[in-house]
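Trainee: One predicted model, sequence on top.
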Amino acid sequence: MPIHEKSLIRPENLVTNDNLVIDGVDVSGHWSTFIKSRTVTDYNEAMQEEIAAMPGGENIHRCWQCGSCTNACTVNAVNPEFNPRYWIYLIRTGMEEELLRDKDIIWQCVSCNKCTYACPRDVFPEGVMKATAHWLELKGHTGKSPSSHFDDDFTESIIDTGMIEEARVLLTFFKRTKQPLAQPWLIALITSLLKKMPVGYLFRLGFLTVFRPKVRNWSKNRVALQEYVDERKAAQRAALGMTGKGDH
Amino acid sequence: MADKDRKRVAYYPGCTLEGTGHAYNRSTKAVGKELGLELVELKNWNCCGAMEVKNIDNQVQTYLSARNLAIAEEMGFDTVMAPCNGCYHNLKKAEYDLEHNPTAIAANQRISQKAGHATYHPGKVETIHALDWLIDAVGLDEMARRAQGRLKGMKVANYYGCMYTRPRHIFPEKDKGPGSESTLKPHFMDDILAAAGAENVEFPLKTACCGGAHALSDSDISTRLVLNILETAEACGAEVIATECPTCHTGLEMHKVRAEKTLGRKTNIKILYFTQLLGMAMGLSAKKVGVNENYLDSSDLLKSKGLG
């Protein structure tokens, strides 16, 4: 996959007139296609600082646009529109409107860390992607992505009990993202599992679902962690100039 | 590294090995027992935060691992072994952050004090993977002697996934020349299975991503990534993919089925934990290494090789 660059000449910026006369000369047809002049006036000058205030975005200022991240990117190989280098550029130059064109795919980073491995400047692009995805949600540009739902479900479970109980986290996740449980591939998987699972193991799984595994004496940890997380979230909202508690 | 005694180490199974990755838990313990190694499970351990908590807050994730390391220290161990790539990665990352990141150090101290337990300071406990553990504590020669080439003729693609090698800075002991693990072309699993007689194929996607972090939240991308891994392994001539991470393993199994059901692309390659292959090579039964706890069936391949 070659390094992909987004064309700045977008279809919506091309104007073709059926009949056009300039200075008395008829230029209808091929010569009447023009690129609309593009003026950016709505810079968000605080954008880099805002992303840097989100978890993972701290090092975004170090980027020198070599493109190693995009070149190494797992998701880019599947979807060329997924371009971390370009987004870091937009954030650093404050071009919020441009970034919002891709708002619905930024959360798709799979955290494989190939970008972080390749980055010569320790930007930690993987963290920047997560920070940007959370920023988009906090600002209200996008709804909660399935990935964020998963983050929330996991973190809630861990703060609460110190552990994750997979079946419960998955069920909560399916419920919150409104996905049907009766998908053909899930059914096939569970049937194959049931066919050869020893009874004892199934019993144990059922047991774990009813009696939630917990870390003993976790209550103090729960209070300390919840307090810390609440404090951090308040700090993030403050960095984005937002007041109030919000639900994020 | 090898100067420490690794025959008795602290064991951190993690949440996944108690659930979907139970086969890995069972086979790791069985292999350890067979080789005369002692695993002492961390007392009252907690979840490492997986790949999710860091997106809410990095320092919380660091603290979760620091608490586990503090438990290992309190139990008198200088080494903790985590077979799960996610747990291994997070313990390593916590170790790095507690040495280099002032915010992480302060947060760990604060939360540990509030929670009323000892604060972990870096350098006290070394985190190793099951691969390091077997190579350090037993050695390839001993494993070869025990296996007597029972994996002979088995064509294996070794799949390590993301968290075992990336990012490089949290693995200071890797990339140190001969004898050490490589982050670009890892080989410890290849070495172990080759010692047991297996024929490792040249597999270019050893450290490719299976999309495990989004296995359910973005299934379409995960399926495409997994299908690429499965089809590449088959094209390289492998009969089985050996895994060393429960998330990768479950991801490969799940999306192998999903690729068949949603894209109509069927692959025949088998997926087994490397500990299962090694265990059976040492004469353990398929049941002892939990082959029946895998989601997908591998019995025809194992039968044809006279294993289990």
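Mentor: Thanks, I have it. Numbering: from 1, shown residues only, chains lettered A, B, ... in the order given.

Trainee: Which helix or strand lies directly C-terminal to the worst-scoring helix or strand of chain A on mean pLDDT?
Mentor: Least confident helix or strand of chain A, by mean pLDDT, DSSP states H and E, is helix A:199-210 with a mean of 60. Per DSSP states H and E, the first helix or strand lying C-terminal to helix A:199-210 is helix A:219-239.

Trainee: As PDB, could you dump the C-alpha coordinates of that following helix?
Mentor: Once non-C-alpha atoms are left out, helix A:219-239 reads as follows in PDB (Å, rounded to 0.1, in the frame of the first residue of the first chain):
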ATOM      1  CA  SER A 219     -13.500  -1.000  48.500                       C
ATOM      2  CA  LYS A 220     -10.700   1.500  49.300                       C
ATOM      3  CA  ASN A 221      -9.200   1.000  45.800                       C
ATOM      4  CA  ARG A 222     -12.600   1.700  44.300                       C
ATOM      5  CA  VAL A 223     -12.900   5.000  46.200                       C
ATOM      6  CA  ALA A 224      -9.400   6.000  45.400                       C
ATOM      7  CA  LEU A 225      -9.700   5.200  41.700                       C
ATOM      8  CA  GLN A 226     -13.100   6.700  41.200                       C
ATOM      9  CA  GLU A 227     -11.900   9.900  42.900                       C
ATOM     10  CA  TYR A 228      -8.900  10.100  40.600                       C
ATOM     11  CA  VAL A 229     -10.900   9.400  37.400                       C
ATOM     12  CA  ASP A 230     -13.500  12.000  38.300                       C
ATOM     13  CA  GLU A 231     -10.800  14.500  38.900                       C
ATOM     14  CA  ARG A 232      -9.100  13.700  35.600                       C
ATOM     15  CA  LYS A 233     -12.300  14.000  33.700                       C
ATOM     16  CA  ALA A 234     -13.100  17.300  35.300                       C
ATOM     17  CA  ALA A 235      -9.600  18.500  34.200                       C
ATOM     18  CA  GLN A 236     -10.200  17.400  30.700                       C
ATOM     19  CA  ARG A 237     -13.500  19.200  30.500                       C
ATOM     20  CA  ALA A 238     -11.800  22.300  31.900                       C
ATOM     21  CA  ALA A 239      -9.100  22.100  29.300                       C
END
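
Trainee: Enumerate the residues of the stretch 201-308 of chain B near chain A.
Mentor: B:208-209, B:211-214, B:216-218, B:221-222, B:224-225, B:253-254, B:257-258, B:260-262, B:292-293, B:295-297 (C-beta under 8 Å from any C-beta of the partner chain). For the C-beta atoms, the positions are set from N, CA and C on the backbone; glycine is no exception.

Trainee: Mind doing that once more with 7 Å?
Mentor: B:209, B:211, B:213-214, B:216-218, B:221, B:224-225, B:254, B:257-258, B:261-262, B:292-293, B:295-297 (C-beta under 7 Å from any C-beta of the partner chain).

Trainee: Make a PyMOL selection of the buried ones in those.
Mentor: Of these, the buried ones can be selected in PyMOL as follows, counting by 16 or more other C-beta atoms under 10 Å in any protein chain shown:
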select buried, chain B and resi 209+211+213+214+216+217+218+221+224+225+254+257+258+261+292+293+295+296
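
Trainee: Tell me how many other residues surround A:Met163.
Mentor: 19 (other C-beta atoms under 10 Å in any protein chain shown).

Trainee: Just give me the neighbour total for residue 45.
Mentor: Using chain A. 9.

Trainee: Chain B was what I was after
Mentor: B:Trp45: 23 neighbours (other C-beta under 10 Å).

Trainee: for the stretch 101-250 of chain B, what spans make up the strands?
Mentor: Listed in chain order, the strands of the stretch 101-250 of chain B (DSSP state E, counting those that start in this stretch) span B:126-128, B:155-159, B:199-200, B:240-243.

Trainee: Could you dump those strands into JSON lines and include distance to A:His149?
Mentor: Formatted as JSON lines, the strands of the stretch 101-250 of chain B follow (distance: least, C-beta to C-beta, whole Å):
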{"stretch": "strand B:126-128", "distance to A:His149": "30"}
{"stretch": "strand B:155-159", "distance to A:His149": "28"}
{"stretch": "strand B:199-200", "distance to A:His149": "39"}
{"stretch": "strand B:240-243", "distance to A:His149": "27"}
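
Trainee: Return the most buried member of the ones you listed.
Mentor: strand B:240-243 (a mean of 27; mean count of other C-beta atoms under 10 Å in any protein chain shown).

Trainee: got the angle for the helix or strand containing A:Glu137 vs helix A:219-239?
Mentor: Following DSSP H and E, one finds A:Glu137 within helix A:125-138. Helix A:125-138 runs at 80 degrees relative to helix A:219-239, counting by axes from the mean of the first three to the mean of the last three C-alpha atoms, to 10 degrees.

Trainee: can you list the residues that contact the host helix or strand of B:Lys54?
Mentor: Using DSSP H and E, B:Lys54 sits in helix B:53-56. Residues outside helix B:53-56 that contact it (C-beta atoms under 7 Å, 6 or more residues apart in numbering or on different chains): A:Pro55, A:Gly56, A:Lys130, A:His134, A:Asp151, A:Phe154, A:Thr155, A:Ile158, A:Val229, B:Val60, B:Gln61, B:Leu64.

Trainee: try 10 Å this time
Mentor: A:54-56, A:111, A:126-127, A:129-131, A:133-134, A:147-148, A:150-152, A:154-159, A:164, A:225, A:229, A:232-233, B:47, B:49, B:59-64, B:90, B:93, B:213 (C-beta atoms under 10 Å, 6 or more residues apart in numbering or on different chains).

Trainee: Now do the same contact list for the closest residue to A:Leu99 other than its chain neighbours.
Mentor: Spatial nearest neighbour of A:Leu99, excluding adjacent residues (C-beta to C-beta, 6 or more residues apart in numbering or on different chains): A:Leu90 at 4.5 Å. Counting by C-beta under 10 Å, 6+ apart, A:Leu90 makes contact with A:Asn44, A:Met47, A:Asn83, A:Glu96, A:Glu97, A:Glu98, A:Leu99, A:Leu100, A:Arg101, A:Asp102, A:Thr132.

Trainee: got a list of what the fourth one touches?
Mentor: Just to be clear, that refers to A:Glu96. By C-beta under 10 Å, 6+ apart, the neighbours of A:Glu96 are A:Val40, A:Asp42, A:Tyr43, A:Asn44, A:Glu45, A:Ala46, A:Met47, A:Glu50, A:Leu90, A:Lys139, A:His141.

Trainee: again, only using 6 Å
Mentor: Counting by C-beta atoms under 6 Å, 6 or more residues apart in numbering or on different chains, A:Glu96 makes contact with A:Asn44, A:Met47.
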